[in-house]
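[1] Provided below are the primary sequence and the corresponding predicted coordinates.
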Amino acid sequence: MKCVEIQTMDQNEWDEMMALKSAISYNPASVNPKKMELFTQLLIKSFEYRGEAFIEPVNVSSSK
């Protein structure tokens, strides 16, 4: 397992995420795809950290 580094969000990032959220809610077509990607990154970064976070390998093969 690989440990994930947890980063905290600063006030500028929070403000930018809220501005992007408003723009996406108002008119998604007007938001540049790179800004939408940034919003997603900021959203994930905003999630509250609980406990230890690990990346587990996912088995996608279906062996029935």
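    Yes, it's here.
[2] and residue 27, its phi and psi?
    Here is the backbone geometry of residue 27 (degrees, to the nearest 10): phi -160, psi 90.
[3] number of residues surrounding it?
    A count of nearby residues for residue 27, using other Cβ atoms under 10 Å, gives 9. Every C-beta, even on glycine, is put in place using the N, C-alpha and C of the backbone.
[4] can you list the weak-confidence ranges in the chain?
    Residue ranges of the chain with pLDDT under 70: 1-7, 48-64.
[5] by contact count, what packs against the longest helix along it?
    Criterion DSSP state H: the longest helix present in the chain is helix 11-26. Judged by 3 or more Cβ pairs under 8 Å, 6 or more residues apart in numbering; DSSP states H and E, the packing partners of helix 11-26 are helix 33-46.
[6] who's in contact with the helix it packs on?
    7, 9, 13-14, 16-17, 20-21, 23-24, 28, 31 (Cβ atoms under 8 Å, 6 or more residues apart in numbering).
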